[in-house]
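Asker: Whatever this is, show me its structure:
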Amino acid sequence: MSEPIYLLGGYQTDLARNWQKENKHISAMFNEAVAGALDATGVQPEDVQVGHVGNFAAELYTMQGHLGAFLVETDPAFSGLPTGRHEAACASGSIALLAAMAEIQAGWYDCSLVLGVEQMKTVDSARGGDFLGTAAWYEREAKGVAYPFPKLFGRLGDEYDKRFGLKDEHLARISTINYANAKKNPLAQTRNWYMSEQHANSTDRFNSVIGGRIKISDASQVTDGAIAVFVASRKYAEEYARRKGVSVDSLPRILGWGHHTAPLEFDAKVAESKDNPYVLPHTRAAITDAFRRAGIADVWGIDAIETHDCFTTSEYMAIDHFGLTAPGKSWQAIEEGVIELDGQVPINPSGGLIGAGHPVGGTGVRQVMDAYRQVTDTAGGYQVNGARRVATLNIGGSGTTSVSFIVGYDN
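Answerer: Numbering: from 1, shown residues only. The predicted structure follows:
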């Protein structure tokens, strides 16, 4: 990337909260996240030149569109601030970040506020599942189908099983690791929940099947959450570092990015990839593009991964698509402990979507915020020792929109 993009930090709400039960409107989520980000970073409100909101379906969950306007109301200094809202299903937050980065690289702005948000606990699970179906081809894949996305991602596991073989015990291990990591994360939705490997391997009334081969323990959470981060040009980062009394080189950067979109229907994806070693080749391309732009040869040049485990099958896919194993051999990295918190390349030290939570439009921003925590040694109990570069993978739909970032330092 020509103009370096600096990441100045931000703020995340507690993902265990239910904002409707608190009698709070979605605008309150904006207010807390922005105020928290300003306080945490020391960025002056007057310095913010533009705002971007990532959100999937506020029109459905909260009967509210035009979300960019809520950013303007979070601080008096933001009056007249240019803002916009971006949507790409579960990858909405990452698309908002890409838009902010592009404007900085174009020289339009020097300091941008990016906020990812979703309020999901406003409807029952069946209605919420129907809303989520709009991230697929609704008429063909979701209309009249109870909980369509567990079934779609169950089919991702079925495709692995067909091509390479897949043992459910490996999916259970992924779930167990993510829940264990979440217990170390004070903002994780499931930090006080019970999970064991024995429970994740069981199929009973406490861990029932919700779609295809997907059980409750294999699924991410229904989550309310807002996450705000600041991204900046070198010009602003230098001024900011001077005020902080630190070197600009101590501020992490977004070193690389990748963004690809596959066909919307799952069947079309499978058909397109039938002769490819990777089940989701466009997801693989997003990852390798991020590596290339960051000047990283392969996955062994990063220290941790925050990936999109909307279901255990999507993390299983990510393991080989990142290159931790050859295609179809993800089970090796699971059995060898590579992805555990103390492994060679820990995956989802935060707990991921299964453990930390999945506020759909906010997840991409949350992943980047957690990458920032890792590389600045501020992740607390889930800190990966010596982390200097962290990769993210955010996926919208059934592997449709894939965005990957590399956060950290050049060396």
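Asker: distance of the residue lying closest to residue 233 once chain neighbours are set aside from residue 389?
Answerer: Sequence neighbours aside, residue 110 is the residue nearest to residue 233 in space, at 4.3 Å (criterion: Cβ to Cβ, 6 or more residues apart in numbering). All C-beta spots, glycine's among them, are computed from the backbone N, C-alpha and C. Summarising the geometry, the distance separating residue 110 from residue 389, computed by Cβ to Cβ, to the nearest Å, is 24 Å.
Asker: likewise residue 198?
Answerer: When distance is defined by Cβ to Cβ, residue 198 is 35 Å away from residue 389.
Asker: higher neighbour count, the two?
Answerer: The residue with the greater number of neighbours, taking residue 198 and residue 389 and applying other Cβ atoms under 10 Å, is residue 389; the counts read 22 against 9.
Asker: Just the pLDDT at the residue nearest to that one when sequence neighbours are not counted, thanks.
Answerer: Across the structure, with Cβ to Cβ, 6+ apart as the measure, the residue nearest residue 389 apart from its sequence neighbours is residue 408 (3.6 Å). If you check residue 408, the pLDDT there is 98.
Asker: same check, this time on residue 1
Answerer: If you check residue 1, the pLDDT there is 52.
Asker: same question, residue 241
Answerer: On pLDDT, residue 241 comes in at 98.
Asker: Look at it and say how many residues are nearby.
Answerer: Neighbours of residue 241 under the rule other Cβ under 10 Å: 17.
Asker: from the chain's centre, how far out does the helix or strand harbouring it sit?
Answerer: Counting by DSSP states H and E, the secondary-structure element that holds residue 241 is helix 234-244. Here the centre of helix 234-244 is set off from its chain's centre by 27 Å, with Cα atoms, centre = their mean, to the nearest Å.
Asker: distance of the residue nearest to residue 233 from residue 407?
Answerer: In this view, residue 110 and residue 407 are 19 Å apart by Cβ to Cβ.
Asker: The two: which has the busier surroundings?
Answerer: More crowded of residue 110 and residue 407, by other Cβ under 10 Å: residue 407, with 32 against 22.
Asker: Need the nearest residue in space to that one, chain neighbours excluded.
Answerer: Using Cβ to Cβ, 6+ apart, the closest residue to residue 407 is residue 371 (3.8 Å).
Asker: which secondary structure element contains that neighbour?
Answerer: Take DSSP H and E as the rule and residue 371 turns out to sit in helix 363-375.
Asker: can you give me the strands for the protein?
Answerer: Read by DSSP state E, the chain holds these strands, from start to end of the chain: 6-12, 50-54, 83-86, 111-118, 209-211, 214-215, 225-232, 253-261, 304-306, 389-396, 401-408.
Asker: possible to save the ones you listed as CSV with distance to residue 24?
Answerer: Output for the strands of the chain, formatted as CSV (distance: least, Cβ to Cβ, whole Å):
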stretch, distance to residue 24
strand 6-12, 16
strand 50-54, 17
strand 83-86, 20
strand 111-118, 12
strand 209-211, 29
strand 214-215, 32
strand 225-232, 11
strand 253-261, 31
strand 304-306, 27
strand 389-396, 26
strand 401-408, 29
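Asker: Quickly, which of the ones you listed bottoms out on average pLDDT?
Answerer: strand 209-211 (a mean of 91).
Asker: buried set for that one?
Answerer: Within strand 209-211, the residues that qualify as buried by neighbour count (16 or more other Cβ atoms under 10 Å) are 210, 211.
Asker: neighbouring strands for that strand, and are they parallel or not?
Answerer: Strand 209-211 has these partner strands in its sheet, going by DSSP bridges: strand 214-215 (antiparallel).
Asker: which residues are contacting the lowest-mean-pLDDT helix or strand in the chain?
Answerer: None of the helices or strands of the chain scores lower by mean pLDDT, DSSP states H and E than strand 209-211, at a mean of 91. Contacts made with strand 209-211 from outside it, assessed by Cβ atoms under 8 Å, 6 or more residues apart in numbering, are listed as 146-154, 203, 215-216, 219.
Asker: now the residues you listed: which count as buried?
Answerer: Here, 16+ other Cβ under 10 Å leaves 147, 148, 149, 150, 151, 152, 153, 154, 215, 219 buried among those.
Asker: Okay, and which of the residues you listed map to helices?
Answerer: For the buried ones among the contacts of strand 209-211, membership in helices holds for 148, 149, 150, 151, 152, 153, 154, with DSSP state H as the criterion.
Asker: how close does the first one sit to residue 84?
Answerer: Yep, that's residue 148 we're talking about. 29 Å.
Asker: Could you do the fourth one as well?
Answerer: Relative to residue 84, residue 151 is positioned 33 Å away (criterion: Cβ to Cβ).
Asker: Next: the second one.
Answerer: From residue 149 across to residue 84, the span is 27 Å (Cβ to Cβ).
Asker: What count of nearby residues applies to the residue nearest to residue 389?
Answerer: Around residue 408 there are 27 other residues, counting by other Cβ under 10 Å.
Asker: can you pull up the bridge partners for it?
Answerer: With DSSP bridges as the criterion, residue 408 is bridged to residue 253, residue 389.
Asker: Which strands or helices does the helix holding residue 371 pack on?
Answerer: Judged by 3 or more Cβ pairs under 8 Å, 6 or more residues apart in numbering; DSSP states H and E, helix 363-375 is in contact with strand 6-12, helix 92-105, strand 111-118, strand 225-232, strand 304-306, strand 389-396, strand 401-408.
Asker: Compute the inter-axis angle for that helix and strand 111-118.
Answerer: Using axes from the mean of the first three to the mean of the last three Cα atoms, to 10 degrees, the inter-axis angle of helix 363-375 relative to strand 111-118 is 120 degrees.
Asker: and helix 363-375, C-alpha only, in CSV?
Answerer: Taking only C-alpha atoms (Å, rounded to 0.1, in the frame of the first residue of the first chain), the coordinates of helix 363-375 have been written out as CSV:
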residue,chain,number,x,y,z
THR,A,363,-17.5,-8.4,13.7
GLY,A,364,-14.9,-7.3,11.1
VAL,A,365,-14.2,-4.2,13.2
ARG,A,366,-14.0,-6.3,16.4
GLN,A,367,-11.5,-8.6,14.7
VAL,A,368,-9.2,-5.7,13.8
MET,A,369,-9.6,-4.2,17.3
ASP,A,370,-8.5,-7.5,18.8
ALA,A,371,-5.6,-7.7,16.4
TYR,A,372,-4.6,-4.2,17.6
ARG,A,373,-4.8,-5.4,21.2
GLN,A,374,-2.5,-8.3,20.4
VAL,A,375,0.2,-6.4,18.6
